[in-house]
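Student: sequence unknown, structure follows:
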C-alpha cells in the first residue's frame, strides 16, 4: 500500500467499506481521544462544541481501552452557554491526538487508517498529520503543508499564498490583494476564527476575509463595505452612476451652494475638497461615493 496515500491521500473505495458513524460532522468510522481531557469525541468539532459552547451530559463514556459512543447527533451548541464552566473551556489540539477508537470494535489504538483489531477502514480520506478521517471523498480533501491543515475543494483548484498565509482559489491567483496572515483572525461580523473555519470564506477587494454567509447578510442589510477598512466590498460603479443622477436631480438650496467640505475616500484614500451635498460626496480621484466628511471649510448656516 502506498505510504504517501496513507498519510495524505485516498484509498480505493473498495478498501473502505462503510461502518458505524460516531460523528455528527463527518462520516467516519472512529472517534478520537482528546489529549487535553482524555475523553472520546466523534471529531474535534464535537469536542469543541462540548468544551467551549455546550456541555453534553454522558454523550461519551471513556474507559480504559474502550469507549461506549452514543450514536445520536450532536445538539446545536449554545454560544457562551453558562452550562460550561469557564475553567473547563478549551479547544482540542488536533495535531497532538495520539489515540482513536474504532466505531466497529471499540478498540483503542494509535492513529492509523485501518483498525489494528478488526481491519476496518476508519476513513477513506486519512491525514496522519491532522489526525483527520472522512469517508465523504466528494469534498476533494487535501493537506496543505503551507497551512499545516487539511482543506477541501480539490488541490488542483487552490494555491497557497505565502504572504497571506492561506489557500485561495486559483481564480484569485493573479488578482488578489495580499494581506499578511489574512485569515489568521476572527470574522469581523460573527467573530469566529477564519483560518480553520469549515464555512465558505469570501476574500474582499481590499484583501480582508469574511465568512460568505456573513457577507451575504451584510448585503441583505444594504451594507457594501469592508467592516475592517471600509473599502467597497464589490463593484459599486452602477450604484455611483445612480447617485450621480440623484445628486444632479436634487440641487442644494442657494444657502448651501458655496459650502465646501473636506472628504476622505475610503476606496482610494484620497483627500479632497468638494461641494457639500446631503446625498453624498463624490471623490474627484476615483468617482466613488464611499467617502467620509472630515471637516467643513466654513461653518454651515
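Tutor: Looks like it arrived, so ask away. Quantities reported herein were computed from a predicted structural model and do not represent experimental measurements.

Student: Now do the helix with the most length in the chain: everything it contacts.
Tutor: The longest helix of the chain (DSSP state H) is helix 237-248. Residues outside helix 237-248 that contact it (Cβ atoms under 8 Å, 6 or more residues apart in numbering) are 224, 277, 279-280, 282, 287-289. All C-beta atoms are positioned from the backbone trio N, CA, C, and that covers glycine.

Student: With pLDDT and distance to residue 190 added, can I get the residues you listed in TSV?
Tutor: Shown next, in TSV, are these (pLDDT from 0 to 100; distance: Cβ to Cβ, whole Å):
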residue	pLDDT	distance to residue 190
224	94	18
277	94	35
279	95	32
280	94	29
282	96	33
287	95	33
288	97	27
289	97	28
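
Student: Show me just the buried residues among these.
Tutor: 277, 280, 282, 287-289 (16 or more other Cβ atoms under 10 Å).

Student: Which of those residues sits closest to residue 88?
Tutor: residue 288 (49.5 Å; Cβ to Cβ).

Student: Contact partners for the residue nearest to that closest one when sequence neighbours are not counted?
Tutor: Spatial nearest neighbour of residue 288, chain neighbours left out: residue 267 (4.3 Å); criterion: Cβ to Cβ, 6 or more residues apart in numbering. Contacts here follow Cβ under 8 Å, 6+ apart; on that basis residue 267 touches 231-232, 283, 286, 288, 290.

Student: what's around residue 291, how many residues?
Tutor: Residue 291: 23 surrounding residues under other Cβ atoms under 10 Å.

Student: I meant to write residue 41 there.
Tutor: 28.

Student: Might you report the residue contacts of it?
Tutor: 31-32, 34, 47, 50, 60, 92.

Student: State the helix or strand in which residue 133 lies.
Tutor: strand 132-134 (DSSP states H and E).

Student: where are the low-confidence patches of the stretch 51-200 of the chain?
Tutor: 53-84 (pLDDT under 70).

Student: can you give me the strands in it?
Tutor: According to DSSP state E, counting those that start in this stretch, the stretch 51-200 of the chain carries its strands in the segments 60-63, 66-69, 99-102, 108-110, 125-127, 132-134, 142-144, 149-151, 158-161, 166-169.

Student: out of those strands, nearest to residue 198?
Tutor: strand 149-151 (10.0 Å).

Student: Now do the closest one: which elements does it pack against?
Tutor: With contacts taken as 3 or more Cβ pairs under 8 Å, 6 or more residues apart in numbering; DSSP states H and E, strand 149-151 sits against strand 142-144.

Student: Other residues contacting the strand it packs on?
Tutor: By Cβ under 8 Å, 6+ apart, strand 142-144 touches 8, 127, 129-130, 149-152, 154-155, 158, 160, 167.

Student: I'd like those laid out as CSV, including neighbour count and distance to residue 262.
Tutor: CSV is the format used below for the contacts of strand 142-144 (neighbours: other Cβ atoms under 10 Å; distance: Cβ to Cβ, whole Å):
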residue, neighbour count, distance to residue 262
8, 21, 56
127, 21, 55
129, 14, 54
130, 19, 52
149, 18, 47
150, 21, 50
151, 18, 46
152, 15, 48
154, 11, 50
155, 15, 50
158, 22, 44
160, 15, 43
167, 19, 42
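
Student: what's the farthest-apart pair in these?
Tutor: 129 and 154 (18.6 Å).

Student: ok, so what distance separates the residue nearest to residue 288 from residue 182?
Tutor: 19 Å (Cβ to Cβ, to the nearest Å).

Student: what's the residue nearest to residue 26 when sequence neighbours are not counted in contact with, if anything?
Tutor: Using Cβ to Cβ, 6+ apart and skipping the chain neighbours, the partner closest in space to residue 26 is residue 134 (4.9 Å). Each residue near residue 134 by Cβ under 8 Å, 6+ apart is listed here: 26-28, 123-125, 141.
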